[in-house]
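Trainee: here is a sequence with its predicted model. Questions after.
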Amino acid sequence: MTEASYDAIVIGAGVMGASVSFELAKSGRSVLCIDAGPAVGGGSTSSSSAIIRFNYSTFDSVLTAWEAADRWKRFGAYLGMTDPDGMASFVPTGCLALDTPGDNRPTVTAIFRDIGIPFEDLDAAAIAEKMPDLDRGDFYPPRPVDDPRFADDPETEIAGYYTDEGGFIDDPMRAAQNFMFAARAHGTELLLNTEVTAIRRTDTAVLGITIDGGREIDAPVVVNVGGPASRSLNEMAGVLDEMNVTSRPMRQEVHVVEAPATWTTDSGSLVSDPGVGVYFRPGLGGTVLIGSSEPECDELQWADDHRDFNPNPTPELFEAQVLRTARRMPELRIPLAPVGLADLYDTSEDWAPLYDKTSLEGFFMACGTSGNQFKNATMVGTFIRALVEAAAAGQDHDVDPVSVVGDATGKAIDLSAFSRLRDKSNTTNSVLG
Ligand SMILES: Cc1cc2nc3c(=O)[nH]c(=O)nc-3n(C[C@H](O)[C@H](O)[C@H](O)COP(=O)(O)OP(=O)(O)OC[C@H]3O[C@@H](n4cnc5c(N)ncnc54)[C@H](O)[C@@H]3O)c2cc1C
């Protein structure tokens with residue numbers, strides 16, 4: 001029996017679902033946001049390193065990140081309100097991207113120039129002057145720690161490019177809750193601890209959802225923002241087979257270790273260092289957060305079921321990621337036991353996201369976020385709203401692509417770049433996107 005109906009149902013109350021709920025509710029729609037978990041932002045969002053950077057492989061990805069950062073920097077103004085429980089905030093650190101042979105630096109820096117993103121090219125001496133904690137050696141290629149050449153002295157020196165504008169969000173779960181505060185102020189209803197067990201449809205259009213206990217809720221618009229569960233939700237909706245690019249859960253670890261005293265959020269920066277196989281950033285409280293950049297020598301940990309994975313950091317990956325970072329930052333303090341977390345990315349086949357409609361009328365997705373899209377949460381609600389409104393106006397995004405004009409640059413982001421029907425994008429095939 002149908003118990004209620006809404007203009008839109010948003011499945012997932014992570015940072016993306018909360019952002020989508022906010023934009024749909026702000027546009028005057030009645031919205032139900034529903035989550036199986038007990039807290040807004042308690043899914044993979046809560047594990048995010050929340051890095052904000054702009055070095056992506058394609059124009060639309062770079063522009064999205066740049067526009068999204070502008071909104072993070074004035075987050076309260078963008079939401080139009082202040083959450084009395086506290087606002088997440090942007091911590092500026094800058095971002096250093098180090099080179100590897102044949103990488104996409106020429107493409108990315110050409111896009112930076114086109115968009116107007118300031119950056120500087122740095123050689124090893126300039127890097128050492130800016131960040132004396134970093135070793136100047138070029139350690140490429142990344143190696144397993146038991147490789148006899150792991151500790152070899154480097155023969156050449158690093159180079160890279162740096163932008164002052166990068167940083168991170170101090171509390172990603174809080175950011176999701178800020179979005180939801182604003183979404184609820186615009187009328188969004190929130191249902192936690194409730195799992196969506198089926199997506200109801202006719203041959204051509206979505207009808208609504210069924211939740212645990214068998215209750216049915218109707219809506220002409222249903223948005224899949226299920227994070228690592230998004231594949232199973234696309235399967236429930238019967239749209240998986242039409243997708244040229246799909247996504248799957250992938251296990252990842254992020255380790256948190258004590259930083260050298262001189263490496264703080266003021267003096268240190270985000271460092272993308274694929275030459276040793278990691279990214280790292282300064283954390284609050286004198287720490288360094290370390291994640292993987294998926295070096296070829298490590299096996300990817302795909303998870304068949306988003307509910308079944310080891311949520312604890314393992315000694316093997318801890319050793320690999322922390323010792324690799326210690327090559328770049330020799331004064332890193334290395335604890336004896338793993339410290340950090342493990343969680344899932346919703347990784348797409350080309351590590352670019354899926355923000356799209358589907359052939360099932362009214363069924364949309366914001367998924368495939370591939371460990372690199374937290375930063376874009378301030379744009380993703382706008383993207384989905386634009387797709388929903390275009391569909392309502394009879395525009396078929398699959399043949400006549402929708403675009404969104406950024407507030408900061410006035411440039412158009414072509415949403416077909418994030419289509420499920422795209423040819424796989426030419427990316428780094430890693431979290432760098
Ligand atoms: C370890 C890690 C580090 C990261 N670091 C960065 C970074 O530095 N920078 C960056 O930009 N991005 C980063 N990311 C990526 C970013 O954090 C994610 O892309 C983003 O948080 C995903 O948000 P989401 O709302 O889509 O998913 P989630 O936060 O996972 O939310 C999905 C929600 O859907 C709910 N759900 C699922 N299925 C159902 C169902 N059937 N019924 C009801 N509810 C359901 C879940 O309970 C969950 O709360 C990182 C991700 C991870 C895991």
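Mentor: Perfect, thanks for sending it. Computed from a prediction, not measured in an experiment: that's the story for all the values here.
Trainee: so for the protein, the centremost residue is which one?
Mentor: Nearest to the geometric centre of the chain sits residue 373, at 2.1 Å (CA atoms, centre = their mean).
Trainee: can you tell me the closest non-neighbouring residue to that one?
Mentor: Distance criterion CB to CB, 6 or more residues apart in numbering; nearest residue to residue 373, sequence neighbours excluded, is residue 353 at 5.1 Å. Using the backbone N, CA and C atoms, a C-beta is placed for each residue, glycine as well.
Trainee: pretty sure that neighbour sits against residue 371.
Mentor: No. Counting by CB atoms under 8 Å, residue 371 is not a contact partner of residue 353; they are 10.4 Å apart.
Trainee: would you map the strands across the stretch 101-250 of the chain?
Mentor: Remark: strands assigned in the stretch 101-250 of the chain by DSSP state E, counting those that start in this stretch are 120-122, 160-163, 167-169, 189-191, 196-201, 206-211, 216-218, 221-224, 247-258.
Trainee: what's the closest of these to residue 50?
Mentor: strand 167-169 (4.0 Å; CB to CB).
Trainee: sorry, back to before: tally of neighbours for the residue nearest to residue 373?
Mentor: Residue 353 has 27 neighbouring residues, counting by other CB atoms under 10 Å.
Trainee: next one: residue 109
Mentor: The tally of other residues near residue 109 (other CB under 10 Å) stands at 17.
Trainee: likewise residue 343?
Mentor: Residues contacting residue 343 under the criterion other CB under 10 Å number 21.
Trainee: show me what contacts it?
Mentor: When contacts are counted by CB atoms under 8 Å, 6 or more residues apart in numbering, residue 343 is found next to 44, 47, 251-252, 254, 311.
Trainee: for those residues, which one is nearest residue 284?
Mentor: Checking these one by one against residue 284 (CB to CB), the nearest turns out to be residue 254, at 14.2 Å.
Trainee: give me the residue from the stretch 101-250 of the chain nearest the ligand.
Mentor: Closest residue of the stretch 101-250 of the chain to the ligand, CB to the nearest ligand atom: residue 227 (2.4 Å).
Trainee: quick one: the closest residue to residue 273 other than its chain neighbours from the ligand, how far?
Mentor: Nearest residue to residue 273, sequence neighbours excluded (CB to CB, 6+ apart): residue 98, at 4.9 Å. Residue 98 is 17 Å from the ligand, where distance means CB to the nearest ligand atom, to the nearest Å.
Trainee: what is residue 98 paired to in the beta sheet?
Mentor: Assessed by DSSP bridges, residue 98 has beta-bridge partners residue 160.
Trainee: among the strands of the stretch 101-250 of the chain, which is the most enclosed?
Mentor: Per-stretch averages of neighbours, counted by mean count of other CB atoms under 10 Å, single out strand 221-224 among the strands of the stretch 101-250 of the chain, with a mean of 28.
Trainee: returning to that earlier point: would you mind giving the strands of the stretch 101-250 of the chain as TSV with mean pLDDT and distance to the ligand added?
Mentor: Below are the strands of the stretch 101-250 of the chain laid out as TSV (pLDDT from 0 to 100; distance: least, CB to the nearest ligand atom, whole Å):
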stretch	mean pLDDT	distance to the ligand
strand 120-122	98	22
strand 160-163	98	15
strand 167-169	98	7
strand 189-191	98	9
strand 196-201	98	4
strand 206-211	98	8
strand 216-218	98	12
strand 221-224	98	9
strand 247-258	97	5
